[in-house]
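Peer 1: Take this sequence and fold it.
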Amino acid sequence: MKYGIHGVNLNTCGYPDAAARLGRAAEAAGFESLWVADHVVLPDPPVPGRPMAPDMRLLDPVVALTYLAAHTSRIRLGTGVIILPQRQALVLAKQLASLDVLSNGRLIFGLGVGWCEPEMRSVGAPFKERGRVSDDYLAAMRAVWTQPEPAYQGPYVSFNGCRALSSLSIGEGRELSVKYREMVIIGILAFRGRKEGVIAHMRRAIDHGATKRELLEAIQSAAVPGGGPAFSTGAQALMELDRSGAFK
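Peer 2: Numbers count the residues shown, from 1 in each chain. Coordinates of the predicted model:
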């Protein structure tokens with residue numbers, strides 16, 4: 001098991017001296033990774049069930065990790081997660097690749113599709129299309145990271161005849177990215193009480209290596225403290241899959 005620290009761009013960690021001290025202390029203590037959250041803006045008033053204060057101190061994830069990279073030398077640096085459909089695909093690809101270079105390959109790129117409709121509306125991102133946008137953006141980013149002469153044609157991103165000089169190590173590959181994406185969607189659907197959708201996406205996550213424990217954690221991440229409707233919906237879906245032999 002590997003241990004990391006999440007939220008290192010929030011609240012007190014949003015101050016430079018505190019962030020630098022935390023990064024150095026975590027590395028000295030043997031933690032494997034530091035993780036940042038992502039919200040461009042926070043809704044005011046908060047969305048029900050997601051009681052984040054609108055004035056919470058929350059730094060940009062890529063900027064925060066770049067700062068932490070400069071104050072550490074070994075600990076890995078993760079986005080947990082960047083809300084992909086709110087970004088511009090090639091700009092983000094360049095930023096992440098630059099961070100990976102400056103940190104000597106320590107970046108872990110985690111992405112999500114987002115849950116906060118007011119936030120997406122404020123930045124002009126299509127909330128109902130966020131899954132499709134994320135798929136397209138990720139494919140475009142992989143193209144610019146891996147192809148010697150990058151070119152991509154998709155519904156939301158298209159380019160050719162250009163270079164970004166922004167290579168990035170892809171790490172554990174597509175199986176991990178699909179599994180993680182499915183678990184993010186599971187959390188969103190559980191939060192909305194859509195059991196059949198939860199089951200369908202759980203099956204796909206299982207096909208890409210998700211365990212029962214990981215699926216339970218995906219449900220718990222969507223639930224308010226003490227459980228609530230999201231946990232009930234997700235738990236029912238998980239039990240149905242377990243009875244059907246999906247984990248054998």
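Peer 1: helix, strand or coil for Met239?
Peer 2: helix (DSSP: H, G, I helix; E, B strand; the rest coil).
Peer 1: burial measure for it, as a count.
Peer 2: Other residues lying near Met239 total 10 when counted by other CB atoms under 10 Å. For every residue, glycine as well, the C-beta is placed using N, CA and C.
Peer 1: And Gln147, by the same measure?
Peer 2: 12.
Peer 1: What does it show for phi and psi?
Peer 2: phi -90, psi 140 (degrees, to the nearest 10).
Peer 1: Contact partners for it?
Peer 2: If a contact means CB atoms under 8 Å, 6 or more residues apart in numbering, then Gln147 has no contacts.
Peer 1: Ala19 touches Val8, doesn't it?
Peer 2: Yes. Between Ala19 and Val8 there is a contact at 6.5 Å, judged by CB atoms under 8 Å.
Peer 1: who has more neighbours, those two?
Peer 2: Val8 (29 against 20).
Peer 1: The top strand by length along the chain: partners in the sheet, and parallel or antiparallel?
Peer 2: Determined from DSSP state E, the single longest strand within the chain is strand 76-83. When pairing is defined by DSSP bridges, strand 76-83 lines up against strand 33-36 (parallel), strand 107-112 (parallel).
Peer 1: Least confident of the ones you listed, on average?
Peer 2: Comparing mean pLDDT across the strands paired with strand 76-83, the weakest is strand 107-112, with a mean of 90.
Peer 1: next SSE after it?
Peer 2: helix 117-123 (DSSP states H and E).
Peer 1: Now the longest strand of the chain: buried residues?
Peer 2: If you call a residue buried by 16 or more other CB atoms under 10 Å, then strand 76-83 has these buried ones: Arg76, Leu77, Gly78, Thr79, Gly80, Val81, Ile82, Ile83.
Peer 1: Overlap of the contact sets of Ala19 and Val8?
Peer 2: Common neighbours of Ala19 and Val8 (CB under 8 Å, 6+ apart) are Ala64, Leu68.
Peer 1: what residues go with each domain of the protein?
Peer 2: 1-171, 173-248 (automatic domain parsing).
Peer 1: same question for the shortest one, mean pLDDT?
Peer 2: Averaged across domain 173-248, the pLDDT comes to 71.
Peer 1: Tell me, how many residues neighbour Pro48?
Peer 2: Other residues close to Pro48 by other CB under 10 Å number 7.
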